[in-house]
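Undergrad: Structure of the sequence below:
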Amino acid sequence: IGAFESNAQSGPLFEVNTIEDSSDGFCDAFVANITDCTLREAITAANAAAGADVITLPAGTYTLALTGAGEDANATGDLDITDDVTINGVGITSLIQAGSAGNGIDRVMQIASGKTVTLTYIAIANGKCGGCNGGGIYNADGAWLEIKRSTLASNSAAARSYYYHGSSAYGAYGGAIHND
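TA: Have a look, this model is predicted:
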């Protein structure tokens, strides 16, 4: 009698091969003579593919540069994850940041309700969410987030006003992570 461990996945493997932040809608790593697969494009492709997918993120600083917070299609601002995915980096040398220190353009990631996301050997930094929760990662209600051997640093969620049980209040939650 023997035992084995399986890391089988049901969806494709996407290999990021550039630190640029662009989105032409395709992770072109599988098209002949084209080698453009940004992190944003890999997430968009994983969102569209059936099953749980894996994204491999080599060492490098991946700075989110496409401004435009508040949309949920992964076109601009934060990385919008709407399907099950594992993102594997190589430690703090795989840094995903939403702008430079103190000048974040949005939070870093937003995970949709009911999805399962695993982040391994990744650093997440400089997420800045003005008037919302989760500067580094916003994990929606019913989503499952597992973070292994990773670092979250210099993320912030700015205060906002809201109405709660008949009175006004002021606050924000989750500079690094907000679980809804």
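Undergrad: Let me see the contact set for the residue most central in space within the chain.
TA: The centre of the chain sits closest to residue 109, judged by CA atoms, centre = their mean, with a distance of 3.4 Å. Residues near residue 109 by CB atoms under 8 Å, 6 or more residues apart in numbering: 78-81, 96, 117, 124, 127, 136-138. C-beta: built from backbone N, CA, C; applies to glycine.
Undergrad: 7 Å instead, please
TA: 78-79, 81, 137 (CB atoms under 7 Å, 6 or more residues apart in numbering).
Undergrad: Residue 125 versus residue 101, what's the distance?
TA: In this view, residue 101 and residue 125 are 8 Å apart by CB to CB, to the nearest Å.
Undergrad: quick one: common contacting residues for the two?
TA: residue 154.
Undergrad: quick one, which of the two is more surrounded?
TA: Ranked by neighbour count (other CB atoms under 10 Å), residue 101 and residue 125 place residue 125 first, with 23 against 10.
Undergrad: low-confidence ranges in the chain?
TA: 1-11, 25, 28-34, 102, 159-172 (pLDDT under 70).
Undergrad: can you map out the helices along it?
TA: Along the chain, counting by DSSP state H, helices occupy 39-48.
Undergrad: Could you tell me how many residues sit around the closest residue to residue 70 other than its chain neighbours?
TA: In space, residue 70 comes closest to residue 77 once its chain neighbours are excluded; the distance is 7.0 Å by CB to CB, 6 or more residues apart in numbering. Neighbourhood size, residue 77 [other CB under 10 Å]: 21.
Undergrad: mind checking how far residue 77 is from residue 157?
TA: 15 Å.
Undergrad: buried sites along stretch 67-80?
TA: The neighbour-count check on stretch 67-80 (16 or more other CB atoms under 10 Å) flags 69, 74, 76-80 as buried.
Undergrad: before we move on, what about stretch 109-120?
TA: So for stretch 109-120, counting by 16+ other CB under 10 Å, buried means 109-112, 115, 117-120.
Undergrad: try stretch 53-60
TA: 53-57, 60.
Undergrad: same deal with stretch 139-154?
TA: 139-140, 143, 145, 147, 150, 152, 154.
Undergrad: Out of those, list just those in strands.
TA: 139, 145, 147, 152 (DSSP state E).
Undergrad: wait, which of these is closest to residue 21?
TA: residue 152 (19.3 Å; CB to CB).
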